[in-house]
Structure formats: structure tokens, C-alpha cells
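[1] With the sequence up front, the predicted model follows.
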Amino acid sequence: MAKLQVAIDLLTTADALALAEKVAPYIDIIELGTPLIKSEGLAVITAMKKAFPDKIVFADFKTADAGALEAEMAFKAGADLVTVLATTGDATIKGAVKAAKEHGKGVVVDTIGEADRVKRAQEVTALGVEFVELHAGLDEQAQPGYSIQVLIDEAARVGVPVSIAGGVNINNIAAVKKAGVKVAVAGASLYSTADPAAAAKALREALDAA
């Protein structure tokens, strides 16, 4: 069964915890976005894991170098998963994976900015990562003509465990699941609504029913 991940791109620990409290009954993975971690530091990871020990806490570090060191920092702070950029070298990914194995945790490779997401996803999976995030960032989503269908099509043919992040919402969640994803990542469709709890509940039900 596909997991549901909330991407929290808020900027304070208090706001992140408040949002997580609302959506927690309906999601499996709590992602602390890169801006949030840059704003609040490692302490926000520790606070989130303490508040939600039963959830998978995902630290979106987007590591580009010092893979082992940064993964170690995330895991010691309480993260269960940490991201390394697909565009970095294999040595950085291998270092993060080594640290993950030592802690019983996992590494996710983020393909944001990668020219050929499918090819790179297949390459890095062999390095021992948990899964690969087929990711269109906020800037890419803002470009004229962007469609999440590109990611859905990539997921359907990639042949390795992936998540999709790039505009997942109630209208496309069924197609995202049918593409064979391990995780569906929802951000703005939850945190930008008037009632995040209701939005998360509806998304969870749609994902499970698809």
C-alpha cells in the first residue's frame, strides 16, 4: 500500500508542529522541508520526532556533499529518512547510505534538477537507497505548461521504488498511486488549505480507494 507523506514547507517549529498535529491521523511520513530546517536547524527534527514518535520523520537535507556526515547529523537528531541530491556524485550517496545502515535508517535520493530522472533513479537504487523521489520543485511547477503527468509517466516506467512530489492533490492522487509509487508526497494541497485535517483525510481516503 502506498504511503502518504506531508511536505511541511513552513518556517517555524511551532507552525510545523501545529500542521503535523492536524494531519497526523491521515499520513505516514512527516517531511521537514529544506527551508524549515534551514530556518530552525536540527532542533525541529528532534521536536517533530518527540511529538510524533510513531511517524516516519523525513529530513529534506538535499545533501550535495559530505553524505555520511550530514546523514549522521540528521539521524542523531531523530530523522528516519534523509535526502541526498541525485545530481551529486555516487560517493556522497554511498556515504549517506553507509551512515543509514549504521543507524537502521534510510536514504532517499531527490531528483530535483536532474535532467533524466528515470535513468538516475535506476542508477542510484543500486547504491542501496530506500527509494527515489521523482521531484519537480516549486520553481519548476511555476513554469508555464507544467504538469504532474510527466512525473506520473516517469514513475510508471522507472521500475524501481519511487515517490512523486510535484503537485500531488485530490484530483491526481489516484493516477499517482496507479503509477506504482511507494510514496505520494503532498505539500501545498494540505498546508495551503483552510482545513488541512479535512484535506489530509480526503487525500488519504482517495489514495486508499484508488
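    Received it, and whenever you're ready, just let me know what you need. Everything quoted here is computed from the prediction, not taken from an experiment.

[2] which residues of this structure score low on pLDDT?
    Within the chain, the set of residues satisfying pLDDT under 70 is empty.

[3] Can you show me the strands along it?
    3-8, 29-32, 56-63, 81-85, 106-110, 131-135, 162-165, 183-186 (DSSP state E).

[4] So for E205, which of these sits nearest?
    Closest of the strands of the chain to E205 is strand 3-8, at 10.4 Å (criterion: CB to CB). To be clear about C-beta, it is placed using only N, CA and C from the backbone, and glycine gets the same treatment.

[5] for that closest one, packing partners?
    Applying 3 or more CB pairs under 8 Å, 6 or more residues apart in numbering; DSSP states H and E, we find strand 3-8 packed against helix 13-23, strand 29-32, strand 56-63, strand 162-165, strand 183-186, helix 188-191, helix 196-209.

[6] For the first one, buried residues please.
    Along helix 13-23, these residues count as buried under the neighbour rule (16 or more other CB atoms under 10 Å): T13, A16, L17, L19, A20, K22, V23.

[7] now the longest one
    Taking 16+ other CB under 10 Å as the neighbour-count basis, helix 196-209 is seen to contain the buried residues P196, A197, A199, A200, K201, A202, L203, R204, A206, L207.

[8] Output these in TSV; the columns should cover distance to D54.
    Shown next, in TSV, are these (distance: CB to CB, whole Å):
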residue	distance to D54
P196	19
A197	17
A199	21
A200	16
K201	18
A202	22
L203	19
R204	16
A206	23
L207	19
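
[9] And these, which is closest to I164?
    Among the buried residues of helix 196-209, L207 lies closest to I164 (CB to CB), at 11.7 Å.

[10] mind listing what the closest residue to E31 other than its chain neighbours touches?
    The shortest distance from E31 to any non-neighbouring residue, by CB to CB, 6 or more residues apart in numbering, is to F58 (4.1 Å). By CB atoms under 8 Å, 6 or more residues apart in numbering, the contact list for F58 reads Q5, I29, I30, E31, L32, A79, D80, L81, V82, T83, V108.
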